[in-house]
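Peer 1: Sharing a sequence plus its predicted fold:
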Amino acid sequence: MKTKNAKAITCAELAHLQRVKGLPCSVCGVPGPSEAHHIEQGQHLTVIPLCEDCHRGSINGFHGQRRMWLLTKKTELSCLNETIRKLYAGHLLARSA
Ligand SMILES: [Zn+2]
Ligand SMILES: [Zn+2]
(Lines give C-alpha, C1' and ligand atoms only; values in the text may rest on other atoms or scores of the structure.)
(Ligands and ions follow the chains in the order given, each with its own letter.)
Protein backbone atom coordinates (compact mmCIF):
# COMPACT_ATOMS: atom_id res chain seq x y z
CA MET A 1 0.00 0.00 0.00
CA LYS A 2 1.38 3.37 -1.02
CA THR A 3 0.61 5.96 1.59
CA LYS A 4 3.70 8.16 1.38
CA ASN A 5 2.20 10.67 -1.04
CA ALA A 6 -1.43 10.28 0.01
CA LYS A 7 -3.36 13.43 0.80
CA ALA A 8 -4.87 13.93 4.23
CA ILE A 9 -8.10 12.04 4.64
CA THR A 10 -11.21 13.51 6.28
CA CYS A 11 -13.39 11.73 8.82
CA ALA A 12 -16.20 11.48 6.27
CA GLU A 13 -13.87 9.96 3.67
CA LEU A 14 -12.57 7.45 6.19
CA ALA A 15 -16.13 6.50 7.17
CA HIS A 16 -17.02 6.06 3.48
CA LEU A 17 -13.97 3.84 2.92
CA GLN A 18 -14.96 1.65 5.86
CA ARG A 19 -18.52 1.27 4.54
CA VAL A 20 -17.28 0.35 1.07
CA LYS A 21 -14.86 -2.22 2.52
CA GLY A 22 -17.80 -3.88 4.24
CA LEU A 23 -19.51 -4.59 0.89
CA PRO A 24 -19.04 -7.74 -1.22
CA CYS A 25 -16.61 -7.73 -4.16
CA SER A 26 -18.10 -5.68 -7.04
CA VAL A 27 -16.77 -8.08 -9.65
CA CYS A 28 -17.29 -11.63 -8.35
CA GLY A 29 -19.64 -10.98 -5.41
CA VAL A 30 -17.61 -12.80 -2.76
CA PRO A 31 -18.68 -11.47 0.69
CA GLY A 32 -16.62 -8.77 2.44
CA PRO A 33 -14.57 -7.48 4.07
CA SER A 34 -13.18 -6.26 0.75
CA GLU A 35 -10.31 -4.05 -0.29
CA ALA A 36 -11.10 -0.52 -1.47
CA HIS A 37 -9.86 0.12 -5.03
CA HIS A 38 -9.30 3.82 -5.77
CA ILE A 39 -10.39 4.67 -9.32
CA GLU A 40 -8.13 7.71 -9.09
CA GLN A 41 -5.29 7.73 -6.63
CA GLY A 42 -5.96 9.83 -3.55
CA GLN A 43 -9.68 10.29 -4.26
CA HIS A 44 -11.31 8.45 -1.42
CA LEU A 45 -14.97 8.88 -2.39
CA THR A 46 -14.70 7.12 -5.75
CA VAL A 47 -13.64 3.71 -4.45
CA ILE A 48 -15.07 0.27 -5.15
CA PRO A 49 -14.97 -2.90 -3.02
CA LEU A 50 -12.92 -5.75 -4.49
CA CYS A 51 -11.73 -9.09 -3.16
CA GLU A 52 -7.97 -9.59 -3.14
CA ASP A 53 -8.08 -11.67 -6.35
CA CYS A 54 -10.24 -9.26 -8.40
CA HIS A 55 -8.14 -6.37 -7.07
CA ARG A 56 -4.52 -7.43 -7.08
CA GLY A 57 -4.53 -10.97 -8.50
CA SER A 58 -1.93 -11.27 -11.27
CA ILE A 59 -4.39 -13.08 -13.59
CA ASN A 60 -7.88 -11.93 -12.53
CA GLY A 61 -7.13 -8.66 -10.81
CA PHE A 62 -7.57 -5.10 -11.99
CA HIS A 63 -3.88 -4.50 -11.31
CA GLY A 64 -3.06 -7.68 -13.23
CA GLN A 65 -4.41 -9.15 -16.47
CA ARG A 66 -8.04 -8.30 -15.56
CA ARG A 67 -9.36 -11.69 -16.71
CA MET A 68 -12.28 -11.65 -14.26
CA TRP A 69 -13.14 -8.10 -15.31
CA LEU A 70 -13.21 -9.09 -18.99
CA LEU A 71 -15.26 -12.18 -18.21
CA THR A 72 -17.92 -10.29 -16.24
CA LYS A 73 -17.75 -7.20 -18.53
CA LYS A 74 -17.44 -4.98 -15.47
CA THR A 75 -15.82 -1.56 -15.57
CA GLU A 76 -14.66 0.71 -12.77
CA LEU A 77 -17.63 3.00 -13.43
CA SER A 78 -20.22 0.22 -13.51
CA CYS A 79 -18.78 -1.05 -10.22
CA LEU A 80 -18.87 2.47 -8.77
CA ASN A 81 -22.52 2.81 -9.73
CA GLU A 82 -23.31 -0.50 -8.10
CA THR A 83 -21.38 0.50 -4.98
CA ILE A 84 -23.27 3.80 -4.57
CA ARG A 85 -26.54 2.02 -5.27
CA LYS A 86 -25.85 -0.49 -2.52
CA LEU A 87 -24.85 2.23 -0.05
CA TYR A 88 -27.88 4.44 -0.72
CA ALA A 89 -30.66 2.20 -1.94
CA GLY A 90 -29.95 -1.21 -0.42
CA HIS A 91 -32.21 -0.67 2.56
CA LEU A 92 -34.97 0.88 0.48
CA LEU A 93 -35.07 -2.06 -1.92
CA ALA A 94 -35.06 -4.60 0.87
CA ARG A 95 -38.13 -3.04 2.42
CA SER A 96 -40.25 -2.39 -0.67
CA ALA A 97 -43.16 -4.79 -0.48
ZN1 LIG B 1 -13.78 -10.63 -6.52
ZN1 LIG C 1 -6.59 -0.81 -6.74
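Peer 2: Yep, it's here. Ligands and ions are numbered 1, 2, ... in the order given.

Peer 1: same question for stretch 9-27, mean pLDDT?
Peer 2: Mean per-residue pLDDT for stretch 9-27: 96.

Peer 1: any residue of it up close to ligand 1?
Peer 2: Yes. Residues of stretch 9-27 are located near ligand 1 by C-beta under 5 Å from the ion, namely 25, 27. Any C-beta I mention is one placed from the backbone N, CA and C, and that applies to glycine too.

Peer 1: burial count for residue 68?
Peer 2: 21 (other C-beta atoms under 10 Å).

Peer 1: got a list of what it touches?
Peer 2: 27-28, 53-54, 57, 60-61 (C-beta atoms under 8 Å, 6 or more residues apart in numbering).

Peer 1: Contacts only, for residue 49.
Peer 2: 20-26, 32, 34-37, 83.

Peer 1: The residues you listed in strands, which ones?
Peer 2: Of the contacts of residue 49, the ones assigned to strands by DSSP state E are 35-37.

Peer 1: Can I get the residues you listed in JSON lines including pLDDT?
Peer 2: Formatted as JSON lines, the ones in strands among the contacts of residue 49 follow (pLDDT from 0 to 100):
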{"residue": "35", "pLDDT": "98"}
{"residue": "36", "pLDDT": "98"}
{"residue": "37", "pLDDT": "98"}
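
Peer 1: Okay then, goodbye and thanks.
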